[in-house]
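*Asks:* Need the 3D shape of this:
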Amino acid sequence: MDGNRRWAKNKFMPAAVGHAAGAKRVRDIVKACADMGVAHLSIFAFSTENWKRPADEVTSLMNLFMTYLQKEVNNMNQNGVRLKVVGDKTRFAPMLQDLIARAETQTANNTRITLTVCANYGGRWDLIQATRAWQEAHPGQTLQRLTEEGLAPYLSTAYAPEVDLLIRTGGESRVSNFMLWQAAYAELFFTDDLWPDFSPARLQEAIVWFAGRDRRFGSSAPL
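*Replies:* Residues are numbered from 1 along each chain as shown. Presented below is the predicted three-dimensional model:
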């Protein structure tokens, strides 16, 4: 979800206003996905590299995350949204960790759409933690016994299918350490829209584009 800060800068507003507008846009896109029958939506809210940002901006983002969880959990429940937060949550303040746990528990039985929020997440982190988890579960085996099928259940998103469509806003055209394993065969859709301007109509355009892709998954003929 790129472009919050640039969106705010273009309007001569502080970055915090852009992040708040971006959080509001999340609600619109979650609703649009649910209405279109999308079963899983993942958003990259805060990467492991984002700690390098100015301290006041990081604090603002953490406060916004807490506010979002407090304000949106009832709305999620009413609309059948199951919330999952993946990433290294140990670095978050205890209050934020508690809010995450409560929100996940409160929405655990919802089935209309699963919203995965990636926070303090990185694709490389995910692969490392999955490998460590596999090793802990198989203490008598060496890594020579590890297979793709064996590692998959230990990824942070083991409850979800692999990524079909990866959308990047803000004019960026790279994956930036996002779901490196899960998005191995994802179709990549890039748009210049800054995230607060990314509309349900643009989402629909991306899905129509995706529907026209010839997905062969390495084979020589269409499936």
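
*Asks:* longest single helix anywhere in this protein?
*Replies:* helix 55-78 (DSSP state H).

*Asks:* pLDDT of that helix, averaged?
*Replies:* For helix 55-78, mean pLDDT is 90.

*Asks:* again with stretch 168-181
*Replies:* On average, stretch 168-181 scores 95.

*Asks:* returning to that earlier point: list the helices and strands the very next helix or strand once past the longest helix of the chain packs on?
*Replies:* From helix 55-78 onward toward the C-terminus, using DSSP states H and E, the following helix or strand is strand 81-86. Under the contact criterion of 3 or more C-beta pairs under 8 Å, 6 or more residues apart in numbering; DSSP states H and E, strand 81-86 touches helix 55-78, helix 94-106, strand 113-121. (Each C-beta comes from the backbone N, C-alpha and C, glycine too.)

*Asks:* 10 Å instead?
*Replies:* helix 15-35, strand 40-47, helix 55-78, helix 94-106, strand 113-121 (3 or more C-beta pairs under 10 Å, 6 or more residues apart in numbering; DSSP states H and E).

*Asks:* Tell me the buried residues in the fourth one?
*Replies:* Neighbour counts over helix 94-106 (16 or more other C-beta atoms under 10 Å) mark 96, 99-100, 103-104 as buried.

*Asks:* tell me the contacts of the spatially most central residue of the chain?
*Replies:* Nearest to the centroid of the C-alpha atoms of the chain, with distances taken as C-alpha atoms, centre = their mean, sits Ile43, at 2.6 Å. Applying C-beta atoms under 10 Å, 6 or more residues apart in numbering to Ile43 gives the contacts 1, 22, 26, 29-30, 115-119, 167, 195.

*Asks:* That's all I had, so thanks and see you.
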